[in-house]
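Trainee: Turn this into a structure:
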Amino acid sequence: MTPNRNYGDRRLWAIITISTIYLHKCPSGKIDSTQFPTANYTKIPYGLSRILLLLTVLMAIEKILVVDDELIIRKSIEEVLRSSRYSVCATANLADAERQLARNTFDLVLLDVKLPDGEGTDLLDRLSHQEVKPLIIMMSGYGTIESAVACMRLGAFDYLLKPFSLNQVEVLVRKAESYRQVLKVNEYLSHEIVGTRDLLGESPAMAHIKQIIRKVGPTDATVLISGENGTGKELIANEIFKASSRSNAPYIKVNCAAVSETLIESEFFGHEKGSFTGATERREGRFELANGGTLLLDEISEVSPRLQAKLLRVLQEREFERVGGSKTIKVDVRVLATTNRDLKKAVENGEFRQDLYYRLNVVPLTAPALRDRQGDIMLLADAMLHTACRSYGVKVKGFSKAAVDALTKHDWPGNVRELQNTIERAVILAEENKYIEPGALGLIHLVDGGSVPGPVMLPAPQIEQSMDGVKPLDEVEREHILRALEITNGNRTQAAQLLKISIRTLRNKLNEYKLECMVA
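Mentor: Residues are numbered from 1 along each chain as shown. Presented below is the predicted three-dimensional model:
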């Protein structure tokens, strides 16, 4: 079967291709979460969002408008584009082009600078101010450097000087398709990351948080979100971003605790080529990438004192230099920050700059612990149950009365994250089409006078002691790491904080003692 040269067949071939991949990955009709990552379950069936994403990628450019008063050029471009199965519309003047643009949505426009009824640059200027606009390639037989620069400043994607070969046109269209593909995938993933989870909760504590979000969201004020691990600080930051006037601009996140001290300055501010070993090319930092949008500094308390001074300057002056560079770069960025530490105490202990603390703490927000919002536990549990059932392809009727009692009586030291892990474990262990019982939850409580068994933990191996009763130091350390992982339900980040070591050190210790397979 040979595909015809039209838009409908491009869509048909895209659907056939993706459906084949989809059925190959999931021949039984069940979705494998390792093949198709999490989608927005509340809107479309699981896995289908990834198919739509691939459709978007394959059809990054579908419809093209060619505007040129020279018949031979116009027909030649139209023919070569149709041969590549694009849907093409060709016009000879601005008036016809305006009518086509009013009736149809085009992904790409090839536009002549000089036209019988006006300047192509006027149409370029009008299109560049639209919220949804096509990519525009300008064409000219009277090209100058000044003309090309003017077109690029008005928003042109590229500039094509006549006479040109049809091969040049094909190369530019492929370049435009690659660029539009990146934009679409980035837009899709940005909305997926930010928008798939809502801030659930009807307790007074959460009502207060939502009220502040509504007030502070539309402003550009810096917000410092504090709270225990697992309370949803990043989720609150996402809601602030969605409520802001920058919600259609970049939203860049950086986990300050996950980046080594030697690289975090480059991560923040970028670097120039050759500025240090391994800097083989220039790289923009997170502040530069977030220009015009929002930057989330997750776990800001982990930034070293040396970098805190540079960070303070950026927050005050909104300018910086890349590592190894001398050019001052100005940015317009709204900053949100999160921390699980008491920054006031950190300031008192000399671990955090006081001036930086006050610069960040314009609007303070404290994410409430789950034990302080008992009324939200079952609301969250039901939502998590629904998501987990869709994710793992399991059907359960809900929670039994005893399971509800166990959930509401638990203290939840790990907060919402612990609740989520508990629900996922319960769904995996639960019997099909039955209610979830307390035993599947793995929580330790007294329910109706009886004891509910706790989670099944992998016990630390028994190590034989030496003759004098003293264990070797490495064996003691190994046991201690296992104990920390047991207390934190296998959460490496929390275990590292409990042991007062970095997550990287913990990872190295797990490899050293061959414990990687013993933790999730």
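Trainee: The stretch 401-520 of the chain: strands as residue ranges?
Mentor: Under the criterion DSSP state E, counting those that start in this stretch, strands of the stretch 401-520 of the chain are mapped to 435-436, 446-447, 450-451.
Trainee: hey, least reliable of these by pLDDT?
Mentor: With a mean of 37, strand 450-451 has the lowest mean pLDDT of those.
Trainee: how far does stretch 263-279 stretch from start to finish?
Mentor: Using Cα to Cα, to the nearest Å, the end-to-end distance of stretch 263-279 comes to 11 Å.
Trainee: what's next to that stretch, contact-wise?
Mentor: Stretch 263-279 has contacts (Cβ atoms under 8 Å, 6 or more residues apart in numbering) with 254, 256, 259, 280-288, 303-304, 307, 310-311, 314, 320-325. Placement of C-beta: from N, CA and C, glycine included.
Trainee: who touches stretch 496-504?
Mentor: Stretch 496-504 is contacted from outside by 229, 257-258, 260, 340, 480-481, 484, 487-488, 492-493, 505-506, 509, using Cβ under 8 Å, 6+ apart.
Trainee: Just the ones of the contacts of stretch 263-279 in helices?
Mentor: Judged by DSSP state H, helices contain the following of those: Arg286, Phe287, Glu288, Leu307, Lys310, Leu311, Val314.
Trainee: Skip the chain neighbours and tell me the closest residue to the second one.
Mentor: Distance criterion Cβ to Cβ, 6 or more residues apart in numbering; nearest residue to Phe287, sequence neighbours excluded, is Val331 at 5.4 Å.
Trainee: How many neighbouring residues does that neighbour have?
Mentor: Around Val331 there are 19 other residues, counting by other Cβ atoms under 10 Å.
Trainee: ok, now which ones touch it?
Mentor: Phe287, Glu288, Ala290, Asn291, Val314, Arg318, Glu319, Phe320.
Trainee: Rebuild those residues as TSV, extending it with pLDDT, distance to Leu360 and neighbour count.
Mentor: Shown next, in TSV, are the contacts of Val331 (pLDDT from 0 to 100; distance: Cβ to Cβ, whole Å; neighbours: other Cβ atoms under 10 Å):
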residue	pLDDT	distance to Leu360	neighbour count
Phe287	93	15	26
Glu288	90	20	18
Ala290	89	16	24
Asn291	89	19	17
Val314	94	12	20
Arg318	92	14	15
Glu319	94	18	12
Phe320	93	17	22
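Trainee: Let me know the closest of the residues you listed to Ala383.
Mentor: Distance ranking of the contacts of Val331 against Ala383, using Cβ to Cβ, places Ala290 first at 30.3 Å.
Trainee: Backbone dihedrals for that closest one, both of them.
Mentor: phi -90, psi 0 (degrees, to the nearest 10).
Trainee: Now do the same for Thr277: helix, strand or coil?
Mentor: Three-state call for Thr277 (DSSP: H, G, I helix; E, B strand; the rest coil): coil.
Trainee: pLDDT wise, what is it at?
Mentor: pLDDT recorded at Thr277 is 85.
Trainee: Now do it against Gly325, distance only.
Mentor: Remark: distance between Thr277 and Gly325 (Cβ to Cβ, to the nearest Å) = 17 Å.
Trainee: Of the two, which one has the most company?
Mentor: Taking neighbours as other Cβ under 10 Å, Thr277 and Gly325 compare with Gly325 leading, 16 against 6.
Trainee: What's the separation between that one and Glu288?
Mentor: Gly325 sits at a distance of 11 Å from Glu288 (criterion: Cβ to Cβ).
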